[in-house]
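K.L.:
Take a look and give me a structure for this.
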Amino acid sequence: METIHSDAPPVPELPARFAGLWRHRDFVRLWIGQTISQFGSTITREALPYTAILALQASPAQMGLLGAASTAPLLILGLFAGVWVDRVRRRPLMIAADLGRALLLLSIPLAFALGWLGMAQLYVVALLAGTLTVFFNVAYQAHL
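P.N.:
Predicted coordinates:
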């Protein structure tokens, strides 16, 4: 039997640390998506109040309203979100929620650059981002 030689180098084995779940494409996609999502959530949690304080000189009362706007959706929509999420496909819902939150957050630097940023916009962004976060979190828990 004749041996065929190839110019291509041999394919190396994956290191042991990349075994298991790292070989599953769906897991890697979920992990990357979650990493990006958590990064965005951290920016939202930290940057939104700082924007109100530093760019708009928000008062303590305004800061309280901003905090309430971001947490109110959990209290109001929490139970309803669970029922609704059970009736739809979870993965597209999670993707749509993340994209929606990203667009909402991108509206803040855009409005600031154009000189249109105000507390009303921050309230709306906090309320809508909180709503999307509720649906994302419920879908994520059900998806796993």
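
K.L.:
which residue is nearest the middle of the chain?
P.N.:
Geometric centre of the chain, nearest residue: residue 37, 3.2 Å, by CA atoms, centre = their mean.

K.L.:
so where is the protein shaky, pLDDT-wise?
P.N.:
Residue ranges of the chain with pLDDT under 70: 1-19.

K.L.:
Check it for its longest helix and report it.
P.N.:
As assigned by DSSP state H, the longest helix anywhere in the chain is helix 25-56.

K.L.:
Tell me the helices and strands packed up against that one.
P.N.:
Packing partners of helix 25-56 (3 or more CB pairs under 8 Å, 6 or more residues apart in numbering; DSSP states H and E): helix 60-85, helix 90-114, helix 119-143. C-beta here means a position set from N, CA and C on the backbone, and glycine is covered the same way.

K.L.:
for those, which one ends up most surrounded?
P.N.:
Mean neighbours per residue, mean count of other CB atoms under 10 Å, is largest over the helices and strands packed on helix 25-56 for helix 119-143, with a mean of 19.

K.L.:
quick one: contacts for the residue nearest to the centre of the chain?
P.N.:
Counting by CB atoms under 8 Å, 6 or more residues apart in numbering, residue 37 makes contact with 98, 136.

K.L.:
now do 6 Å
P.N.:
By CB atoms under 6 Å, 6 or more residues apart in numbering, residue 37 lies in contact with residue 98.

K.L.:
now it: how far from residue 94?
P.N.:
Remark: distance between residue 37 and residue 94 (CB to CB, to the nearest Å) = 8 Å.

K.L.:
Mind telling me what element residue 88 is part of?
P.N.:
Per DSSP states H and E: residue 88 is located in neither a helix nor a strand.

K.L.:
Next, it: phi, psi?
P.N.:
Torsion angles at residue 88 (phi, psi; degrees, to the nearest 10) stand at phi -130, psi 170.

K.L.:
what's around it, how many residues?
P.N.:
Residues near residue 88, counting by other CB atoms under 10 Å, number 12.

K.L.:
What of residue 45?
P.N.:
The tally of other residues near residue 45 (other CB under 10 Å) stands at 12.

K.L.:
out of everything not next to it in sequence, what's closest to residue 143?
P.N.:
What sits nearest to residue 143 in space, not counting adjacent residues and going by CB to CB, 6 or more residues apart in numbering, is residue 90, at 4.2 Å.
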